[in-house]
Each structure stands twice: as C-alpha cells, then as structure tokens.
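Novice: Okay, here's the prediction I keep looking at, along with the sequence it came from:
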Amino acid sequence: APAEWEDDPVRDQVEKFVAARTGSSPLRWRVENLIAARADAPGVPSCGTEPAVPVTYSVLEGGAPSAALVDVAAKAQLMVIGSRGLGGFAALLLGSTGRKLAMQAPCPVVIVPHADRMADRPEATGREQIVLGLAPDETADAAIEFAFAEAERRGAELQVVSTYLVPLTSLFVVGELADTSDTPVGQDLEEAQTARLAPFRTRHPSVRVEQIATAGDPAGRLVTASRTATLTVAGRHRRRLRPDALLMGSVTNAVLQHAQGPVAVVPGE
C-alpha cells in the first residue's frame, strides 16, 4: 500500500525514532498507523478485542515494486492495490505497477482507484451490483466463477454484459440509438450467454443475475457500468508471446485505464 504523506521533516524524524525503538521501519510504522486509524477496517481490534481478520505486515525493500509484488502474488488468493495513474493523462487509472500486476500476477488482482477519481460516482441505492464483462468467445471459467462467488459473498446482484459490433449506421434510427436486442444476432448472443452461465447459476443459486446482450463497444459499456458497480470483473487471456510480455486483451486494458470504480482482473486457466 503506498503511504501518502506531506513533507514534514519533524514528523519524519519522529517516525524514524519510533520505528527504530520498536524494531520496525518508518514505512511499516506509517502503514500500521494508517490501518489502525480506520475504525471500519475489519482487521482493526476494538475495545481491546482481537482483530476479526488477522493482519500481518511485510516490508519489501530493493528492486522494482511490481516485480516484488508479482512474487508475493504467487502465494496469494487475491491481491488488492490502490492506483491513481500518475501518468500524463488524468483520465487514466492505471500506473505502471498496477499495469504489470494486472498482466502478470498469477492470482486475481483488484485495482481500487484513488478516492478523488470516484468522487463523482452517484450515491449507491439498493443492492450492490457486480458487473462481469463476458466476451462472446469467452471460454475460460475463472472470471465467471470469481464474479459469481463474489456476488454470492456480498449478497449482490450480478450483471453480465456481452456485446457485439455492428456498422455504426445500423445503431441509429432517426437519430436515436436503436434497440438491437431483438435482432437475430442479439438473440443468438443472448442464447449463447444463457448457456454459458447455466452451470454457474446451478452452483450459485442465490445469485440474482441480469443478462445484457446487445450491440455496442464492450469496453465503453463496462466503463459506463463501473460508475455504479461495486466491482467490475474482467478476464485476462493467456495471449502472451513470452512469460514476461506485457500484453493483455484490449477490452480489459481499456476498462483498467478508464474505470471509475474497483476492477478485478482474473487470469485465465
């Protein structure tokens, strides 16, 4: 977790002194206090009780952060990181560390935007919603299972979005966006989506599923959905030329760059 602090030489000296006396490092001391200050964190003890979730701390020194975190992810079931995307474009969510983790981590990676990026999100009402982007040619089960399991755990509704591309002129009728759900292509896509989701619905009967199969840009649909979704889930396909190649599906990459809420990237089998 990147600790953000204003430059304050006095505080820096105090932190170094306290960290040295406690056998810790200044960074670890900052992170421990940052978490302890969050009363809503599940791992924070209250009234002298033990924390509900065990929390351990590790300080990784030397080398690139992304490489160290990829190694840690090899032993993890899930990795969560924050990101502000400090590049030249304010609209981009993902920084270099988050990008490499999303492409190379062997476990699912959840990337949470900085609070400033989510300031314009509408206030949530009703049940939480998890959005899953499901490509028509999707064959991997990992992302689908992750989305269903997460929706079940949270008691959230799962919205599954599949899209197909058509000529731009076919999308408009007298200047308005046409409804393409009743077209043969749209019906075929919905039937394929239903068949693909059937075994997961059987395994997770309590999950309420909303299916969307329509024409449009898949990345644009998911980015729009991320404004209100608790979590947007996208798969990562194994299309790399070599193990360290930084390649990823274009839809997943676009969602990571522009999403306005947390995004989970799930590697394929």
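Specialist: Cool, the structure landed. Bear in mind that the values here come from a model prediction, so they are computed numbers and not experimental data.
Novice: any chance you could map the strands in the stretch 1-150 of the chain?
Specialist: With strands called from DSSP state E, counting those that start in this stretch, the stretch 1-150 of the chain shows them at 79-83, 109-113, 129-133.
Novice: any idea which of those is most buried?
Specialist: Of all the strands of the stretch 1-150 of the chain, strand 129-133 carries the top mean neighbour count, a mean of 26, counting by mean count of other C-beta atoms under 10 Å. Backbone N, C-alpha and C define where each C-beta goes, glycine included.
Novice: contact partners of that strand?
Specialist: Under the criterion C-beta atoms under 8 Å, 6 or more residues apart in numbering, residues 143-144, 147, 150-151, 154, 156-162, 218, 221-222, 225-226, 228-235, 251-252, 255 lie in contact with strand 129-133.
Novice: related to what we said a few turns ago, can you add distance to Ala213 and mean pLDDT and give the strands of the stretch 1-150 of the chain back as a markdown table?
Specialist: Converted to a markdown table, those look like this (distance: least, C-beta to C-beta, whole Å; pLDDT from 0 to 100):
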| stretch | distance to Ala213 | mean pLDDT |
| --- | --- | --- |
| strand 79-83 | 31 | 87 |
| strand 109-113 | 26 | 89 |
| strand 129-133 | 12 | 94 |
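Novice: so can I have JSON lines of those strands showing distance to Val209?
Specialist: As requested, the strands of the stretch 1-150 of the chain are exported to JSON lines (distance: least, C-beta to C-beta, whole Å):
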{"stretch": "strand 79-83", "distance to Val209": "25"}
{"stretch": "strand 109-113", "distance to Val209": "21"}
{"stretch": "strand 129-133", "distance to Val209": "9"}
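Novice: closest one to Gln211 among the ones you listed?
Specialist: strand 129-133 (10.2 Å; C-beta to C-beta).
Novice: May I have the beta-bridge partners of Ile81?
Specialist: Ile111 (DSSP bridges).
Novice: I'd assumed Gly98 was in contact with it.
Specialist: Yes: in this structure, Ile81 is within contact of Gly98 by C-beta atoms under 8 Å, at 5.7 Å.
Novice: Overlap in contacts, those two.
Specialist: With C-beta under 8 Å, 6+ apart, Ile81 and Gly98 have common neighbours 109, 111.
Novice: Can you show me the CA trace of stretch 105-120 as PDB?
Specialist: Extracted in PDB, the C-alpha atoms of stretch 105-120 (Å, rounded to 0.1, in the frame of the first residue of the first chain):
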ATOM      1  CA  ALA A 105       0.100 -11.800 -11.300                       C
ATOM      2  CA  PRO A 106      -1.000 -15.500 -11.100                       C
ATOM      3  CA  CYS A 107      -3.900 -14.600  -8.800                       C
ATOM      4  CA  PRO A 108      -6.900 -12.200  -9.300                       C
ATOM      5  CA  VAL A 109      -5.900  -8.600  -8.900                       C
ATOM      6  CA  VAL A 110      -8.300  -5.900  -7.700                       C
ATOM      7  CA  ILE A 111      -7.400  -2.300  -8.500                       C
ATOM      8  CA  VAL A 112      -9.100   0.400  -6.500                       C
ATOM      9  CA  PRO A 113      -9.000   4.000  -7.800                       C
ATOM     10  CA  HIS A 114      -8.000   6.900  -5.600                       C
ATOM     11  CA  ALA A 115     -10.900   8.500  -3.800                       C
ATOM     12  CA  ASP A 116     -10.600  11.600  -5.900                       C
ATOM     13  CA  ARG A 117     -11.300   9.600  -9.000                       C
ATOM     14  CA  MET A 118     -14.600   8.200  -7.500                       C
ATOM     15  CA  ALA A 119     -15.800  11.500  -6.200                       C
ATOM     16  CA  ASP A 120     -18.400  11.900  -9.000                       C
END
